[in-house]
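Q: Model the structure of this input:
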Amino acid sequence: MTEIITVSHPLSNYLRTILNNCAFFVQRSLSRDCALCGAGEEYEGLCEPCRASLPHHGGPCCPVCAIPTPDGAVCGRCLSHPRAFQQTLAAFTYRFPVDALIQALKYGGNLALAEILAEPLVRRAAALPRPDMLIPMPLFPARLRQRGFNQSLEIARIMARKLDIPLSPQVCSRIRDTAPQASLRLKERGGNVRGAFACDVDLGGRKVAVVDDVMTSGASLDELSKVLRRQGAEEVSAWVVARALPERQ
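A: Numbers count the residues shown, from 1 in each chain. Modelled structure (predicted):
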């Protein structure tokens, strides 16, 4: 696998983008094997058996947070604690093998997987009214320097191009370095991200879709959506590659 390079330099953001884009094209050109099973054929990312094994997120779901509910009704959590975002679009349920693909992108630096993960979300979003802009979930600058890229931005970049929607990664920023949400208990996650985002752009009347890789409790998306709504966003949607389900499910 091509190494993703992290650069510590005043021009690091610019250089990192160039180097990681180069790495992406090298990954795509050197290997056409299936990203999951390694079958050595000319596949577009995944072979057909692996593509058929993906856990597509379907069935009746809460229209706000995409948790399965009877008859697609709004879930109790969203009724008792209304979200700042109005709807969630999820391509997959967060379980194997999608979890492995997301982790390989996020922590392994395999940028070629961004397109594999974005494509099903693109197909679902194509049937919806277009928002005015896509905003990727931002990373704290130190985390971005360490990782070398923002996986949500890589996914959003593909979606913006294929759906012809403006991409606006500079609209908001992460101003507080928070503990990873996955490391916390459910009740701790809201407090962990409180005050973590900032936005200085007037979004008056705009319809916005926030793009992220995984939605677990929805706390990060909710906190960012609050900031966007305070800046005048008329509507905020969450577009996520995968929706994690409560452990009891």
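
Q: now the end-to-end length of stretch 135-142.
A: 20 Å (Cα to Cα, to the nearest Å).

Q: contacting residues around it?
A: Contacts with stretch 135-142, where a contact means Cβ atoms under 8 Å, 6 or more residues apart in numbering, come from 147, 150, 152-153, 155-157, 167-169, 171-178, 197, 208-213, 220-221, 224, 228. C-beta here means a position set from N, CA and C on the backbone, and glycine is covered the same way.

Q: Return the set of buried residues in the host helix or strand of Cys78.
A: Element membership of Cys78, judged by DSSP states H and E, is helix 76-80. The neighbour-count check on helix 76-80 (16 or more other Cβ atoms under 10 Å) flags Arg77, Cys78 as buried.

Q: Need the three-state assignment for the spatially most central residue of the chain.
A: Nearest residue to the geometric centre of the chain (Cα atoms, centre = their mean): Asp212, 1.8 Å. At Asp212 the chain is in strand, as set by DSSP: H, G, I helix; E, B strand; the rest coil.

Q: In the chain, where is pLDDT below threshold?
A: 1-32, 40-44, 179-188, 190, 192, 247-249 (pLDDT under 70).

Q: for it, what spans make up the helices?
A: Secondary structure of the chain (DSSP state H): helices at 12-30, 48-52, 76-80, 98-106, 113-125, 141-147, 151-163, 186-193, 219-230.

Q: still on that earlier bit, just the C-alphas of the helix holding Cys78, formatted as CSV.
A: Extracted in CSV, the C-alpha atoms of helix 76-80 (Å, rounded to 0.1, in the frame of the first residue of the first chain):
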residue,chain,number,x,y,z
GLY,A,76,-38.1,8.3,20.8
ARG,A,77,-34.6,9.9,21.1
CYS,A,78,-35.3,12.4,18.3
LEU,A,79,-38.8,13.1,19.7
SER,A,80,-37.5,13.8,23.3
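
Q: returning to what we had before: just so I know, which of the helices of the chain lies nearest Leu134?
A: Closest to Leu134 of those, according to Cβ to Cβ: helix 151-163, at 5.0 Å.

Q: From the chain's centroid, how far away is stretch 123-136?
A: Chain-centre distance of stretch 123-136: 13 Å, with Cα atoms, centre = their mean, to the nearest Å.

Q: no no, stretch 119-130
A: A distance of 14 Å separates the centroid of the chain from that of stretch 119-130, by Cα atoms, centre = their mean.

Q: and it, how far apart are its ends?
A: End-to-end for stretch 119-130, by Cα to Cα: 16 Å.

Q: same deal with stretch 69-81?
A: Distance between the boundary residues of stretch 69-81 (Cα to Cα) amounts to 16 Å.

Q: again, but for stretch 83-99
A: One end of stretch 83-99 to the other measures 25 Å (Cα to Cα).

Q: For it, list every residue counted as buried.
A: Of all the residues in stretch 83-99, those buried under the rule 16+ other Cβ under 10 Å are 83-94, 97-99.

Q: Nearest to Ile116, out of the residues you listed: which one, please.
A: Nearest to Ile116 among these: Val98, at 9.9 Å, using Cβ to Cβ.

Q: which residues does the closest residue to the closest one other than its chain neighbours bridge with?
A: Leaving aside its sequence neighbours, Val98 sits nearest to Phe92 (Cβ to Cβ, 6 or more residues apart in numbering; 4.4 Å). Beta-bridge pairing for Phe92 (DSSP bridges): His56, Ala242.

Q: go on, Ala238?
A: Thr88, Val210.

Q: Starting from Cys47, give me the distance back to it.
A: Distance of Ala238 to Cys47, computed by Cβ to Cβ, to the nearest Å: 30 Å.

Q: again, but for Ala84
A: Ala84 sits at a distance of 40 Å from Cys47 (criterion: Cβ to Cβ).

Q: hang on, the earlier thing: for Ala238 and Cys47, indicate the residue with more neighbours.
A: Neighbours per residue (other Cβ atoms under 10 Å) separate Ala238 from Cys47, with Ala238 holding more: 28 against 19.
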